[in-house]
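S.K.: would you be able to build a 3D model of this:
(4 chains)
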Number of protein chains: 2
Amino acid sequence: MKILVVEDEAALAEALSEILKRNKYLVDAVYNGEDGLSYALTDLYDCILLDIMLPKMNGLDVLRALRKQHISTPVLLLTAKSDIEDKITGLDSGADDFLTKPFATGELLARVRALTRRKGEVITDEFTYGDIALNKSTFSLSCEGEFVKLSLKEYQIMEILISNPRQLISKERFIEKIWGYESDIEYNNIEVYISFLRKKLSVIGSHVTIRTARGVGYFLESGV
Amino acid sequence: MKILVVEDEAALAEALSEILKRNKYLVDAVYNGEDGLSYALTDLYDCILLDIMLPKMNGLDVLRALRKQHISTPVLLLTAKSDIEDKITGLDSGADDFLTKPFATGELLARVRALTRRKGEVITDEFTYGDIALNKSTFSLSCEGEFVKLSLKEYQIMEILISNPRQLISKERFIEKIWGYESDIEYNNIEVYISFLRKKLSVIGSHVTIRTARGVGYFLESGV
DNA sequence: CTTCAACAACCAAAATTTTCATAGATGAGT
DNA sequence: ACTCATCTATGAAAATTTTGGTTGTTGAAG
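M.R.: Alright, predicted model coming up:
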């Protein structure tokens, strides 16, 4: 498990490295934003501790640049004070968690553990259920060699269904998850996409079916 | 200036009301989520202090329900501990700021002031520049009685332009603001929308023009 | 068993967003 | 002033999302 520390205050960087090493992490430390970015871009790290205030390049800019390059390494942002502004910007920029200075060793380790665990769980980019597989990166649905491409919305609906197989999902929930809780989208819209998906399921000859729960929503069932 | 306090701990509710009243706010206090929601739905308040842990209905649910009804009253969430989970959920649910218990009187007042000031500034839902007006709620662009409706993306581009008249906006910036910093959208997409907008500006006979800054982006100019 | 209202499925069309291809404009370097 | 690579404008088409019916289903109430 390899961690990158990006922190300009030498004493703090030293302390962080020490704590982490003592807990069996491999640690690299760099002392400015530019170096931080180029190290992070190697995509070799399991977690990055990133200070916001940094010479040469602001931590948030580093973060944004990283996410833009689709590097999804979990980032734990170090903020000087508990400044809500920073936190909101940080979330917008793709941070995974925050640590407000000064902090306790235990808290640091707990958060690093939480972030790396999260990543460890992502092994595949496919969801499967019954005879179908849904590919997260290509947005395609397959069944024994047969493929169809899904549009974004189709994919989002299917992902929710396949992540909770046999679980009833209300239309309300689809809408909240996909369009957001403030949208005025009609239920019919869900019905239309369900209709699209059923057609595509039949095109690839799957035995998985989308069952209707009248008055509520839908759920996935393997019909064999 | 009228404030709604939603807090079940009687002592705290009392203290909050007292502090606020002493600072010339009108205060209503209720002691559970359901009442909080129905009071808030009247849309009479300039700010809402909302506890997360509440009997009958969770604060976050109240908040979501409110935003769903398009009530945009600023909400200051009261959280027991500085639980990042709550904060993220809070932001997702439409909270404007947080206050972690226990808190100082000064901090409370400062945040309330910040939130109500923010609202005070929004007087109109129109942006204007030169001979055009851009309506925030109808997504329409007008010039001396002539109207055109803009699509969402057209509107978003126009809003950025008209909010910073004569200011050069890079294509990069349009993309970050509209599609997000992780998108892979092409510059040409912006060019296409600029083209759409120029056409619509000419349809309504405006003298405002979108000027090109080669290699960079665009800016608005009143061409009279 | 019928009736009826609510719900769901689905087709078709409209609206919007995105992509693609091509033609035109620009300006640095010669 | 000419050339060329690069950037921009725009028409047109493709893809996607959303809207509006029409028709078929369902189940509760009578």
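S.K.: after the helix or strand bottoming out on mean pLDDT in chain A, which helix or strand is next?
M.R.: Within chain A, no helix or strand scores below helix A:84-93, which has a mean of 59 by mean pLDDT, DSSP states H and E. Next along the chain after helix A:84-93, taking DSSP states H and E as the criterion, comes strand A:97-100.
S.K.: for that next one, name the packing helices and strands.
M.R.: strand A:75-79, helix A:105-121 (3 or more C-beta pairs under 8 Å, 6 or more residues apart in numbering or on different chains; DSSP states H and E). For the C-beta atoms, the positions are set from N, CA and C on the backbone; glycine is no exception.
S.K.: what strands line up against that strand, and which way round?
M.R.: strand A:75-79 (parallel) (DSSP bridges).
S.K.: how distant is the partner strand from the center of its chain?
M.R.: When C-alpha coordinates are averaged (C-alpha atoms, centre = their mean, to the nearest Å), strand A:75-79 and its chain have centres 16 Å apart.
S.K.: dump the C-alpha coordinates for that strand into CSV.
M.R.: C-alpha atoms of strand A:75-79 as CSV (Å, rounded to 0.1, in the frame of the first residue of the first chain):
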residue,chain,number,x,y,z
VAL,A,75,-7.4,12.1,-2.0
LEU,A,76,-7.4,13.2,1.6
LEU,A,77,-7.2,17.0,1.7
LEU,A,78,-5.3,18.7,4.5
THR,A,79,-6.9,22.0,5.5
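S.K.: between the two ends of stretch A:211-218, how far is it?
M.R.: This stretch, stretch A:211-218, spans 6 Å end to end (C-alpha to C-alpha, to the nearest Å).
S.K.: how far off centre is it?
M.R.: That offset, for stretch A:211-218, works out to 29 Å (C-alpha atoms, centre = their mean).
S.K.: how about stretch A:55-66?
M.R.: On C-alpha atoms, centre = their mean, the centre of stretch A:55-66 falls 20 Å from that of its chain.
S.K.: export it as CSV, just CAs?
M.R.: Once non-C-alpha atoms are left out, stretch A:55-66 reads as follows in CSV (Å, rounded to 0.1, in the frame of the first residue of the first chain):
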residue,chain,number,x,y,z
PRO,A,55,4.0,26.6,-3.2
LYS,A,56,4.1,26.6,-7.0
MET,A,57,0.6,25.0,-7.4
ASN,A,58,-2.4,25.1,-5.1
GLY,A,59,-3.6,21.7,-3.8
LEU,A,60,-7.0,22.2,-5.3
ASP,A,61,-5.5,22.8,-8.7
VAL,A,62,-3.5,19.7,-8.3
LEU,A,63,-6.6,17.8,-7.5
ARG,A,64,-8.6,19.2,-10.4
ALA,A,65,-5.8,18.4,-12.8
LEU,A,66,-5.6,14.9,-11.5
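S.K.: is there proximity between that stretch and chain B?
M.R.: Yes: judged by C-beta under 8 Å from any C-beta of the partner chain, stretch A:55-66 and chain B are in contact via residue A:64.
S.K.: now swap in stretch A:167-182 and tell me
M.R.: Yes: Stretch A:167-182 reaches chain B (C-beta under 8 Å from any C-beta) through A:181, A:182.
S.K.: so for that stretch, what gets flagged as buried?
M.R.: A:169, A:171, A:174, A:175, A:178, A:181 (16 or more other C-beta atoms under 10 Å in any protein chain shown).
S.K.: grab the nearest non-local neighbour of the fifth one.
M.R.: So the one you mean is residue A:178. residue A:156 (4.8 Å; C-beta to C-beta, 6 or more residues apart in numbering or on different chains).
S.K.: show the model's pLDDT score for the one you found.
M.R.: For residue A:156, the pLDDT comes out at 93.
S.K.: the helix or strand where it lies: how far from the chain's middle?
M.R.: Following DSSP H and E, the helix or strand that holds residue A:156 is helix A:152-163. What separates the centre of helix A:152-163 from the centre of its chain is 15 Å, taken as C-alpha atoms, centre = their mean.
S.K.: helices and strands around that helix, which ones?
M.R.: Using 3+ C-beta pairs under 8 Å, 6+ apart, helix A:152-163 is in contact with strand A:126-129, strand A:132-135, helix A:171-178, helix A:187-203, strand A:217-222.
S.K.: if we can go back for a sec, and the residue nearest to residue A:178, how far is that from residue B:68?
M.R.: Applying C-beta to C-beta, to the nearest Å, the value for residue A:156 to residue B:68 is 20 Å.
S.K.: separation between residue A:131 and residue A:206?
M.R.: 5 Å.
S.K.: shared neighbours of these two, which are they?
M.R.: residue A:143 (C-beta atoms under 8 Å, 6 or more residues apart in numbering or on different chains).
S.K.: which helix or strand contains the residue nearest the centre of chain A?
M.R.: Geometric centre of chain A, nearest residue: residue A:72, 7.7 Å, by C-alpha atoms, centre = their mean. Under the criterion DSSP H and E, no helix or strand holds residue A:72.
S.K.: still on that earlier bit, so which of residue A:131 and residue A:206 has more stuff around it?
M.R.: residue A:206 (23 against 17; other C-beta atoms under 10 Å in any protein chain shown).
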